[in-house]
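Student: predicted structure and sequence below. I'll ask about it afterward.
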Amino acid sequence: LGCSPWGPGGLLLLLGTQSALVVVRECLLTVAGERVTYRLRQRLFGSLLAQELHVLEGSRAGETLSRLQADVAMVRAAITSSVTTGLRAAVMGVGGTALLAYLSPTLALVAL
């Protein structure tokens, strides 16, 4: 802790800020995932209702709806995890490159 220019209080401030930003990120991802799920369900059920009767005669209504619900939940999980992973990788790449350029511009030019 003695290496920090702001002392132990600066480290605690940094950790508190990081925690708050993680909570904000999770809230935003939850809201975005719910919106995507809602829109996808609306479109799927709308297209299901627009189908001809002979398309739906081969299966029970509960089975079709259950499969649609499960598929939408899987799509939501895949989208939110992919977005999180992609954004984290982009921020780490840009941040790492900026830090490398700050510490050693010559090495940064060789690396790029």
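Tutor: In hand now; what should we look at?
Student: please state the offset of the one helix or strand E34 maps to from the chain centre?
Tutor: Secondary structure assigned from DSSP states H and E places E34 in helix 7-49. Taking C-alpha atoms, centre = their mean, to the nearest Å, one finds the center of helix 7-49 at 7 Å from the center of the full chain.
Student: which strands or helices does that helix pack on?
Tutor: On a contact count with 3 or more C-beta pairs under 8 Å, 6 or more residues apart in numbering; DSSP states H and E, helix 7-49 meets helix 61-103. No exception for glycine: its C-beta is placed from N, CA and C like everyone else's.
Student: next, the angle from the helix it packs on to helix 7-49.
Tutor: Relative orientation of helix 61-103 and helix 7-49, computed by axes from the mean of the first three to the mean of the last three C-alpha atoms, to 10 degrees: 150 degrees.
Student: give the next helix or strand downstream of helix 61-103.
Tutor: Heading C-terminal from helix 61-103 (DSSP H and E), you reach helix 105-111.
Student: show me the contact partners of that next one.
Tutor: Helix 105-111 is contacted from outside by T97, L100, A101, using C-beta atoms under 8 Å, 6 or more residues apart in numbering.
Student: same question for that helix, mean pLDDT?
Tutor: Taken as a whole, helix 105-111 carries a mean pLDDT of 86.
Student: swap in stretch 47-64?
Tutor: Here the average pLDDT along stretch 47-64 is 75.
Student: so what does S59 have for phi and psi?
Tutor: Backbone torsions of S59, given as degrees, to the nearest 10, read phi -130, psi 160.
Student: since that was my last question, I'll sign off now.
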